[in-house]
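> This is a predicted model, with the sequence first.
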Amino acid sequence: MKYISAFLLLLVYGYVAAQPAKLVNVFVGSSGDHGQMSPAASYPFGMLSIGPQTYPNLHMGYEHKAKLFLGFTHNRFEGVGCQGSGGNILIKPFTGTDSSAPLLKASESAGPGFYQAGFTNGIKAAFTVYKNSGAEDYIFPASAQKGFMIDLSHTLANRFVAEEHQQNGNELSGWIDSRTTCNAGTYRVYYAIRFLQPADFSAAGAHKLLVKVSDETGNRVQLHIAFSSVDVAHARNALLAANDMQLKDKSTQGWNQVLNAIQVKGGDAEREKLFYSMLYRTMQSPYVVSETDGAYRATNGSLQHTTTAVYNGWAIWDNYRTQLPLLSILFPERYQHMMTSIARMYTYGKKDYATQHEPSNTVRTEHAIVVLLDAYRKGYKIDFKQITDSLTAEVNRLDFSHPDKALESSYDTWALSQILAVNGNKALSREYLQKAAGYQTYWNKDFKDLTRPDVDQVSARGMYQGTVWQYRWLVPFDSKGLIALAGGEQAYLQQLDTFFNNDYYNHANEPDIQAPLMYNFTAQPWKSQALMHKYAADTVVQYYFNDNSRGIDPFVGVIYQNKPDAYVRTMDDDAGAMSAWYVFAACGLSPACVGWPVYYLNVPLFKVVKFNPESGKSFSIQVRNFAAGNKYIQAATLNGKPLNRNWLTHQELTKGGTLIITAGPEPDKTWGTSQQWLSALDMNP
């Protein structure tokens, strides 16, 4: 009997492990200014996202503690600033004749692909999303008059520009133009809505419609909705069949497929839930904007055709060091299409934020050139020769006017020098490499002297969302040169110690998120191992918040938690950037420098981590002596052979195998100090 029980337990565990969507808490980061995430029903990399609009609202249009609902909207860009982005097509169900009557929440539940809520007036609403199509199911109180208010001009915080719509029987279709994130550009969404019961439409003001459903149809009203970036015809074709009742299962299956790209076990059950909740956040964007027949809209608004998937909806400045590198490991085929899509922007029109003809909502695209170089060195196909002139023109326009911009622009300039070398243009490559080396002048001017009174002030000297202390480490392409500028390794270590010991580090934003890794190329790599564990799972002190300088009211606690008010206050997830940082730390490896295919190692937060890319070979990381507090690497083997270096290459990771890490409670101060990987301007591929 005991053998049968053990066998059944294995079957149950295997069933649960294959369904990580069940572990995801979609309410993480959805309360207060703690992540700016929403519980909306969505599909991996799909632009349709159906979720509640509450009062009061946060960046995502939703506050977990709010009771008053204004209705439901159909797209959003997860976790971004500028008071959120998206929020098109607000639909509010109501009873009786008063469409302004309050809609007060009585209950709600949600998971990957679905959302449902009940209200004190007896209305129940449930939504499911599959790709760019969705089903909405409303249950009204018996004998109640059933109505809907549709606001086609609604957005979260972006300016509504224009819309056109047509109504034919039970269907409503058209397009809506809205400003993109931070109102920088304009995107157009085409849509189609079909009520499955007879519906009567009437105007209710500018860009608003009132929908009445006959009392004779019973108390249930269903509608289907679909989005397209191409035209109304494609949106109408994407509407679900009236008898498609398996939508929720199909959506869950899609989420399980992508979430199973990483399997973890051997850790705390709550940590496992947190892990998959964070992994879920890394797969919301970019969006698939091409149709199954190959049609898509380019960033200049032109209609184009392709044989591969096209993506849009970028937040590259936010996530180029975390989320995009994670996707490059997990989804090789999709990532190839994403990189081709980025390259295409240089052909059809690319701006740092957005063009006036975006095929979907988007945020910003700075450092796309670094991402393309990184992808090329990981083995992805990039046709640099076709876009070299556009890449060069972009670099020639870079802004060096502020200290932070000077460092970031130098990074892109370095990336161009590497791409020119790939193209065989060695002379021009040397020219841009020399220009990239000019970061040293800017660094000496603004980042060397740490005695100046403004070094811990956010936005000092015209910088963006960071301090002198935080931005001074942003030279990932030349760590060797940075050490020299700091006065040598001992001075560099002393300054890095001061930075972390005095809690000058800010995990609430991206400017310095690579800093915990920056002991890895010194004589003290064990300090990076401790820091990665600390900021992923231990209590920390954080003095800096969004645009706030060091004050007297710090955050003291664990940053990543499985609850609605997770994260440091004012910390945005930024399109998967900060959740991907956690996923990397929890898995035991993190990108050393985007542009070079190298990962630094730390002790994972689980006993076993297994990467199962959608196409490719599996790679396992196993921890010996796994226990709370054992955060230091004592030894490691790669495919049975001793590994004394504290880094892996992308090729080693993707060709499959097993990395075994032996952990301990105290640092081994010799492990990882030989064969170190250190970025430098004079490195050759």
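Right, received. Where do you want to start? Keep in mind that this is a model prediction, so the values were computed, not measured.
> if I pick Tyr439, what's in contact with it?
Counting by C-beta atoms under 8 Å, 6 or more residues apart in numbering, Tyr439 touches Ala406, Leu407, Ser410, Val475, Asp478. Where C-beta positions appear, they are placed from N, C-alpha and C, glycine not excepted.
> what does the model give the first one for pLDDT?
Think Ala406. Looking at Ala406, its pLDDT reads 98.
> going forward can the numbers begin at 37, since that is how I track them
That works, and once the first residue is 37, the last one we named lands at Ala442.
> element containing it, please.
Using DSSP states H and E, Ala442 falls within helix 439-458.
> quick one: the strands in the stretch 87-236 of the chain?
If DSSP state E, counting those that start in this stretch is used as the criterion, the strands of the stretch 87-236 of the chain fall at 87-91, 104-109, 126-131, 139-147, 150-155, 160-166, 169-175, 182-187, 196-204, 207-215, 222-231, 235-239.
> Out of those, flag the one nearest Lys643.
Between Lys643 and the strands of the stretch 87-236 of the chain, the shortest gap by C-beta to C-beta is with strand 139-147, which sits at 26.2 Å.
> Parallel or antiparallel, which strands does that closest one pair with?
If you go by DSSP bridges, strand 139-147 pairs up with strand 104-109 (antiparallel), strand 150-155 (antiparallel).
> the inter-axis angle of the last one versus strand 126-131?
In other words, strand 150-155. 40 degrees (axes from the mean of the first three to the mean of the last three C-alpha atoms, to 10 degrees).
> C-alpha coordinates for strand 150-155, PDB please?
The C-alpha trace of strand 150-155 is given here as PDB (Å, rounded to 0.1, in the frame of the first residue of the first chain):
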ATOM      1  CA  PHE A 150      -9.300  34.700 -16.600                       C
ATOM      2  CA  TYR A 151     -10.900  37.200 -14.300                       C
ATOM      3  CA  GLN A 152     -14.300  37.200 -12.600                       C
ATOM      4  CA  ALA A 153     -16.100  39.500 -10.100                       C
ATOM      5  CA  GLY A 154     -19.500  39.800  -8.400                       C
ATOM      6  CA  PHE A 155     -21.200  43.000  -7.300                       C
END
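> And the average pLDDT for it is what?
Mean pLDDT, strand 150-155: 97.
> Distance-wise, check the residue nearest in space to the middle of the chain relative to Val659.
Nearest to the mean C-alpha position of the chain, by C-alpha atoms, centre = their mean, lies Gly612 at 1.9 Å. Distance, Gly612 to Val659, using C-beta to C-beta, to the nearest Å: 25 Å.
> for Pro368, same thing?
Taking C-beta to C-beta, one finds Pro368 at 26 Å from Val659.
> Among the two, which residue is more densely surrounded?
More crowded of Pro368 and Val659, by other C-beta atoms under 10 Å: Val659, with 23 against 17.
> so which strand or helix has that one?
Here Val659 sits within strand 655-660, counting by DSSP H and E.
> I'd guessed Leu695 sits against Asn682; true?
No: counting by C-beta atoms under 8 Å, Leu695 stays clear of Asn682, with 11.6 Å between them.
> so what's in contact with the two at the same time?
Listed as contacting both Leu695 and Asn682 by C-beta under 8 Å, 6+ apart are Leu637.
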